[in-house]
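Asks: The sequence and its predicted three-dimensional model are supplied below.
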Amino acid sequence: MGALQIALGLICVAVTVVAVAMLARTVIQMVRTVRLGQPDSTRNGPIGVRVVTTVREVLGHTRMLKWTKVGIAHWFVMMGFLGMLLVVAEAYGEVFQPSFELPLIGEWAPWHLWVEVLGWATVVGILTLIVIRQFHHPRRSDRQSRFAGSHMGRAYFIEGIVLVEGLGVVCIRAVKHAAGLIHPPVWAAPLTHALGAVAPSGTTLISVLAAIKILSGMAFIVAISLNMTMGVAWHRFTAFFNIYFKRNADGAVALGPAKPMMSGGKPLNFEEADPDTDTFGAGKIEDFTWKGWLDFT
């Protein structure tokens, strides 16, 4: 562990502490804001059914896959986000000690295969989405773009972060292989073997790449902490709760017979309703339920 590794490691730790503190503050503010909505007791259960629905819709991407190539690419990016949390933890060790591997599983061939697939899936998935966005960009006068009116700068920021994160995983593994610090079998890391054969060999480079990966992730955390309405970024987190608390616990679409109109969290009886105290629908933002406010995220 040299001076550079110590300096980079301390910087990463310090930035992480600040970023996590900012995120916690914003999450608390978001929860308080959502709770300003009207009560809705129909979203609380049954818990088991809602958990099953959430797992099925998230892992199966049952809504997004209807968009064919967009849905498939989005699934790869999502799985990379969910599955590489341990890889981020490993990066903190690699900053200080380039040869660092996670205890117990670090030398396990299936672990290397898992990281290999997720790393490359993230890169390929986000590059696909970037190309699709540019192909359907509002600047094209020959078509009506579905991105018209959206905050393109925010989208570019998220796409850039995801790409850097994915490339970080791929490049760190290639350089570690070139330096002889990891020895996965070819079947578990074929692309790592291929890139490692031509990648530069240097422990300092590993620490620098790990630091870039960490700091890019923290830049994302800081950005969303300062922008609570940045839905394109926050949906990474709030989508799970949005799915869990959806109208129908079994995941059925919200069509069919209309639900009873609610006022104060209770079904409205029109024969006994008081126009002065009861709410009919939503005339102002305060009339939406807390689930409606969650939808806004």
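Replies: Noted; the coordinates are in hand. Numbering: from 1, shown residues only.

Asks: residues in contact with the residue nearest in space to the middle of the chain?
Replies: By CA atoms, centre = their mean, the mean C-alpha position of the chain lies nearest to Arg236, the distance being 3.2 Å. By CB atoms under 8 Å, 6 or more residues apart in numbering, the contact list for Arg236 reads Phe81. Bear in mind the C-beta positions are built from the backbone N, C-alpha and C, glycine included.

Asks: Use 8 as the first number from now on
Replies: Sure, I'll start counting at 8 from here, so that last one is Arg243.

Asks: which element is it on?
Replies: helix 238-251 (DSSP states H and E).

Asks: mind listing what's buried in that helix?
Replies: Val239, Ala240, Trp241, Arg243, Thr245, Ile250, Tyr251 (16 or more other CB atoms under 10 Å).

Asks: ok, now stretch 124-138?
Replies: Those would be 124-130, 132-137, for stretch 124-138 by 16+ other CB under 10 Å.

Asks: Ser192 and Val122, how far apart?
Replies: To be clear, residue 192 is Pro; Ser isn't right here. 14 Å (CB to CB, to the nearest Å).

Asks: Would you mind telling me which of these two has the busier surroundings?
Replies: Val122 (23 against 11; other CB atoms under 10 Å).

Asks: got a list of what the more buried one touches?
Replies: Met91, Val94, Val176, Arg180, Ala196.

Asks: pLDDT averaged over the one helix or strand it maps to - what is it?
Replies: Using DSSP H and E, Val122 falls within helix 116-142. Across helix 116-142, pLDDT averages out at 90.

Asks: Just the angle for the next helix or strand after that helix relative to helix 116-142, thanks.
Replies: Using DSSP H and E, the helix or strand that follows helix 116-142 in sequence is helix 159-185. Note on geometry: by axes from the mean of the first three to the mean of the last three CA atoms, to 10 degrees, helix 159-185 and helix 116-142 are set 150 degrees apart in direction.

Asks: For the following helix or strand past helix 159-185, name the packing helices and strands.
Replies: Next along the chain after helix 159-185, taking DSSP H and E as the criterion, comes helix 197-203. Counting contacts by 3 or more CB pairs under 8 Å, 6 or more residues apart in numbering; DSSP states H and E, helix 197-203 is packed against helix 116-142, helix 159-185.

Asks: nearest to Gly16, of these?
Replies: helix 159-185 (14.8 Å; CB to CB).

Asks: That closest one packs against which elements?
Replies: helix 76-90, helix 92-103, helix 116-142, helix 197-203, helix 210-233, helix 238-251.

Asks: The ones you listed: which one's closest to Phe164?
Replies: helix 210-233 (6.8 Å).

Asks: so how far is the closest one from its chain's centroid?
Replies: Here helix 210-233 is found 16 Å from its chain centre; the criterion is CA atoms, centre = their mean, to the nearest Å.

Asks: Would you mind listing the outside residues contacting it?
Replies: Contacts for helix 210-233 (CB under 8 Å, 6+ apart): 9, 11-12, 15-16, 18-19, 22-23, 25-27, 29-30, 32-33, 95, 98-99, 101-103, 105-106, 164-165, 168, 171-172, 175-176, 178-179, 182-183, 186, 188, 237, 240-241.
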